[in-house]
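Enquirer: starting from these lines, generate the structure:
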Amino acid sequence: ENERQMVKSRCVGLEERLVAAEERAFTLQQELERAHTEHRSEQLSLARSQREVSRREQELEEKRCKLEGDFSELEQSLELTVVARERAEHDKAALLIEKESLLAC
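Expert: A predicted model of the protein is given here:
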């Protein structure tokens, strides 16, 4: 009878440990599912951020190309202005020489 009582007590102890282990497994499963959901959410957020970064990089590249084009146009315009100014100064000098020669006559 005493041995039977010990076995029964041992079985009850094992059953309690089994219930505790099942509860722990359930809790761990819930935590795993929550972590998986959170991870998936973070992946989606990261993908959105990466798309936004790519879009912004594309916009910046387009702006850079436009600015390079604008700069090139301004540079050409400046060169034409310098050439026109040099021609005007040359023409002015030629006119002054011509004027002096006409006045000398």
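
Enquirer: alpha carbons only for contacts and neighbour counts from here, please
Expert: Noted.

Enquirer: what's the helix or strand for residue 54?
Expert: helix 2-104 (DSSP states H and E).

Enquirer: tell me the mean pLDDT over that helix?
Expert: Here helix 2-104 scores 96 as its mean pLDDT.

Enquirer: next, find the distance separating residue 38 from residue 28.
Expert: Remark: distance between residue 38 and residue 28 (CA to CA, to the nearest Å) = 15 Å.

Enquirer: again but with residue 91, I slipped
Expert: 92 Å.

Enquirer: same question for residue 79.
Expert: 74 Å.

Enquirer: got a list of what residue 81 touches?
Expert: Residue 81 is in contact with no residue at all, counting by CA atoms under 8 Å, 6 or more residues apart in numbering.

Enquirer: repeat that for the one 5 residues further on.
Expert: The neighbours of residue 86, taking CA under 8 Å, 6+ apart as the test, come to nothing; the list is empty.

Enquirer: please shift the residue numbers so they start at 436 in all later answers.
Expert: Happy to do that; since the first residue is 436 now, the last one works out to residue 521.

Enquirer: so for this protein, the centremost residue is which one?
Expert: The centroid of the chain falls nearest to residue 488 when counting by CA atoms, centre = their mean (2.6 Å).

Enquirer: cool, thanks, signing off.
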